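1. Sequence isn't available, so here's the structure alone:
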Ligand code: GLN
C-alpha cells in the first residue's frame, strides 16, 4: 500500500459477475472505509488493461463462455500475474478460481490454460452439477469461523502440492473431488467455489484480505452481530434434513 490508499481492483465485471459477486467488492471496500482507510476502487472491464499497482484484486464467477473470454484476455494482458509477483492479494470465486489455476476445461470442451497463480487444475465433472448450500470449516491455520455459501459449478478442481485447501466441507461439494476440500490458497492468492456473495456472508475473509494487504495482524473490530446472525441462520438452515 502506498500513499495510505488501499487500491481495490475488481476484474472484469462485464464478464465475471453473473452471481452477484459485485457484493465482494462492496464488502471489502466498506470494511476498509469503516477502518478509516482511504480506498480507491477500480472496476476494470475486459477491454481495459489490468493495473499492476493494486493491493487487492477480486475476480468473480461466470458462465462457461465468458469464463473462456476472461481467461484469454487475462493471459494476453499479463498484468495480474505481474501484480502477484509484486505481492498483491487476489481473491477469486468459481470461474475466477478456475482461471487462476494451471488450466480448466472451457465451453468448447477444450483444455484452456489459466494463469498458474494457484497450483490447481480444473476438469469438467462427470457427475451432476454441484449446486446448493455449502457449510465448510476453514483451514485451522487461518483461525476463522465456519464459512457459509452457495455453489453452482460443473468444474472439479484438483489441488497440487503447493495449494492448500481453503476449507473442508460439512455440507456441499466444494472442489468436487470427493475428498471434501473446498477452494484453495497459497500465501497471497485465494480461490473458492462459494458465491453468496461469499464475503457478504463471511466478512472475516474480507478482513483477512485487508490484513494481508496492510501487513497487520489485527484490525479495529466492527459490530458484526448482523453478519453473525446471518451465519447462524444459514448454518441452522443448512443442517435441516432435506
Ligand atoms: N463455468 C464454471 C463451472 O461450471 C464456473 C461456474 C461459476 O462460476 N459458477 O465449473
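-> Done, it's in. All values derive from a computational prediction rather than experimental measurement.
2. Which residue ranges of the protein form helices?
-> Applying DSSP state H to the chain gives helices spanning 22-34, 64-77, 79-85, 95-100, 198-201, 203-214, 225-239.
3. what residues does the first one touch?
-> It refers to helix 22-34. Helix 22-34 is contacted from outside by 6, 8, 10, 13, 39, 41, 43, 56, 58, 60, 91, 93, 196-200, 203, 206-207, 209-210, 222, using CB atoms under 8 Å, 6 or more residues apart in numbering. Backbone N, C-alpha and C define where each C-beta goes, glycine included.
4. Just the buried ones out of those, please.
-> Neighbour-count burial within those applies to 6, 8, 10, 13, 39, 41, 43, 56, 58, 60, 91, 93, 196-200, 203, 206-207, 209-210; the criterion is 16 or more other CB atoms under 10 Å.
5. thought residue 125 was touching residue 154?
-> Yes - the pair residue 125 / residue 154 is scored as a contact, 5.4 Å apart, by CB atoms under 8 Å.
6. overlap in contacts of these two?
-> Contact criterion CB under 8 Å, 6+ apart; no residue bridges residue 125 and residue 154 by contacting each.
7. and the chain, which residues reach the ligand?
-> 19, 61, 62, 63, 64, 67, 94, 95, 152, 153, 154, 155 (CB under 6 Å from any ligand atom).
8. Tell me how far the fourth one lies from residue 18.
-> From residue 63 across to residue 18, the span is 6 Å (CB to CB, to the nearest Å).
9. So which of these two has more stuff around it?
-> Taking other CB atoms under 10 Å, residue 63 and residue 18 do not tie; residue 18 has more neighbours (16 against 13).
10. Quick check, pLDDT for the nearest residue to that one once chain neighbours are set aside.
-> Leaving aside its sequence neighbours, residue 18 sits nearest to residue 62 (CB to CB, 6 or more residues apart in numbering; 4.9 Å). On pLDDT, residue 62 comes in at 95.
11. wait, doesn't residue 62 sit right on residue 15?
-> Yes - with contact defined as CB under 8 Å, residue 62 and residue 15 form a contacting pair (5.8 Å).
12. which residues touch the top strand by length along the chain?
-> Identified as the longest strand of the chain according to DSSP state E is strand 130-138. Strand 130-138 is contacted by residues 144-154, 166-174, 176, 182, 193-194, 234-235, 237-239 when judged by CB under 8 Å, 6+ apart.
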